[in-house]
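Engineer: fold the following for me, if possible:
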Amino acid sequence: MSEITPDAIAATATRIAPYIRVTPTLRANVPGVREPVSFKLEFLQHTGSFKARGAFSSLVDQTLPLVGIAAASGGNHGAAVAFAARQFGIKAKIFVPRTAPKSKVDRIVSYGADIVQVGETYQKTSAHCLAYCEETGAQNIHAYDQVAVLLGQGTVGLEFETQSPETETLLVATGGGGLIGGIAAWYQGRVNVVSVEPTGCATLHTALQTGKHTPISPQSIAQDSLGSSLVGTLMLPMAQKYIKSAVLVSDAAIIDAMKWLWTELRIAVEPGGATALAALISGVYVPDAGERFGILLCGANIDAQKFGQLIA
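Structural biologist: You can find the predicted model right below:
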């Protein structure tokens, strides 16, 4: 935890700046919220999610084994690692669950990585990835529980603060916790960081209630991006210290948020990308009068047919 500091995040932002996009913000009125909400459009990042930040943070200026790198992923992290590896001519092997969406698998393959579909859950897939790394010497790039990854994801918070310094409360979707952990480490309580999870993927919510890492059985329409069964060991102390609250939203609320984004803003995101907004749309998070919100739209890796089915 001591390594994941605002100074280290700022240094990481400088280090990865040549390789990532500065994603824009958009202000819009949301029902039930008096002040316009600042949306951080991080789904416009390379590979369609925030994950490119952590991937580049893990590779830039690093000495890597000749055999290459490996990563376990529900899809978005794997695509980001494959994309970053291609920029540097590094071999990458990506392990994904057999249940991973075809659109995400195809994107990983398009970046030139070798792909292995194994296991029914992220945790089982991750075990296969770790076994491969131990056998071959490949370097594992964890989806959310490594210092370099958390520092990379923390640059979202740094960037958003420069764009929307008036924000008082920031809603962030949580899976394994790399994104919200990095953001919480950046702000250190200067804004109210709120975790939003599907009711079927209540990883951080459960850990905060029990006070320890407690496994769950993920099941949600957002499972491919928010479906970790355990929150990261590095981020949990930061969550306990800096995250204001952790709320849960239904799959139906996530779909409603996807519909609202498309109808009102013509933004198409995946279920995980709409989860943070679902807390406001559904009324699970009730704003104070005049509270100024930021919402992170973190990913948009969904094929057109699936998107149409969900919002129809």
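Engineer: what stretches of this protein score poorly on pLDDT?
Structural biologist: 1 (pLDDT under 70).
Engineer: all strands of it, in order?
Structural biologist: 25-28, 37-41, 69-72, 92-96, 114-117, 139-140, 169-173, 192-198, 243-249, 293-297 (DSSP state E).
Engineer: of all those, which one is nearest residue 181?
Structural biologist: Closest approach to residue 181 among these is made by strand 243-249 (8.7 Å; CB to CB). In short, each C-beta sits where N, CA and C put it, glycine included.
Engineer: what's the angle from the closest one to strand 192-198?
Structural biologist: With axes from the mean of the first three to the mean of the last three CA atoms, to 10 degrees defining the directions, strand 243-249 sits at 30 degrees from strand 192-198.
Engineer: could you list the buried residues of strand 243-249?
Structural biologist: 243, 246, 247, 248, 249 (16 or more other CB atoms under 10 Å).
Engineer: including distance to residue 106, could the residues you listed go into a markdown table?
Structural biologist: Below are the buried residues of strand 243-249 laid out as a markdown table (distance: CB to CB, whole Å):
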| residue | distance to residue 106 |
| --- | --- |
| 243 | 35 |
| 246 | 33 |
| 247 | 33 |
| 248 | 31 |
| 249 | 29 |
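Engineer: residue 156: which of the residues you listed is nearest?
Structural biologist: Using CB to CB, the buried residues of strand 243-249 come closest to residue 156 at residue 243, 15.0 Å.
Engineer: count the neighbours of the nearest residue to residue 59 once chain neighbours are set aside for me.
Structural biologist: Nearest residue to residue 59, sequence neighbours excluded (CB to CB, 6 or more residues apart in numbering): residue 84, at 5.2 Å. Neighbour count for residue 84, taken as other CB atoms under 10 Å: 30.
Engineer: ok, residue 84 - contacts?
Structural biologist: For residue 84, the contact set (CB atoms under 8 Å, 6 or more residues apart in numbering) comprises 19, 52, 55, 56, 58, 59.
Engineer: what's the nearest residue to the first one if we skip its chain neighbours?
Structural biologist: This points to residue 19. The nearest residue in space to residue 19 (CB to CB, 6+ apart) is residue 56, at 4.5 Å.
Engineer: wait, that neighbour touches residue 152, no?
Structural biologist: Yes - if you go by CB atoms under 8 Å, residue 56 and residue 152 touch, sitting 6.5 Å apart.
Engineer: more neighbours: which of the two?
Structural biologist: Between residue 56 and residue 152, counting by other CB under 10 Å, residue 152 is the more crowded of the two (32 against 26).
Engineer: now the more buried one: how far from residue 293?
Structural biologist: 24 Å (CB to CB, to the nearest Å).
Engineer: can you give me the helices in the stretch 1-150 of the chain?
Structural biologist: With DSSP state H, counting those that start in this stretch, the ranges of helices along the stretch 1-150 of the chain come out as 6-16, 51-59, 76-88, 102-110, 122-136, 147-163.
Engineer: for residue 68, which of the ones you listed is the nearest?
Structural biologist: helix 76-88 (7.3 Å).
Engineer: just the angle between that closest one and helix 6-16, please?
Structural biologist: 50 degrees.
Engineer: export helix 76-88 as PDB, just CAs?
Structural biologist: Provided in PDB are the C-alpha atoms of helix 76-88 (Å, rounded to 0.1, in the frame of the first residue of the first chain):
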ATOM      1  CA  ASN A  76     -10.700  -6.200 -21.100                       C
ATOM      2  CA  HIS A  77      -7.400  -6.700 -19.300                       C
ATOM      3  CA  GLY A  78      -6.300  -9.300 -21.800                       C
ATOM      4  CA  ALA A  79      -7.000  -7.000 -24.700                       C
ATOM      5  CA  ALA A  80      -5.000  -4.100 -23.000                       C
ATOM      6  CA  VAL A  81      -2.000  -6.400 -22.200                       C
ATOM      7  CA  ALA A  82      -2.000  -7.800 -25.800                       C
ATOM      8  CA  PHE A  83      -2.200  -4.300 -27.300                       C
ATOM      9  CA  ALA A  84       0.600  -2.900 -25.100                       C
ATOM     10  CA  ALA A  85       2.800  -6.000 -25.700                       C
ATOM     11  CA  ARG A  86       2.400  -5.500 -29.500                       C
ATOM     12  CA  GLN A  87       3.700  -1.900 -29.200                       C
ATOM     13  CA  PHE A  88       6.900  -3.200 -27.700                       C
END
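Engineer: okay, the helices of the stretch 1-150 of the chain, which one's buried deepest?
Structural biologist: Of those, the one with the most neighbours on average (mean count of other CB atoms under 10 Å) is helix 51-59, at a mean of 29.
Engineer: in the sheet, who's paired with the closest residue in space to residue 109 that isn't next to it in sequence?
Structural biologist: Spatial nearest neighbour of residue 109, chain neighbours left out: residue 115 (5.7 Å); criterion: CB to CB, 6+ apart. Assessed by DSSP bridges, residue 115 has beta-bridge partners residue 94.
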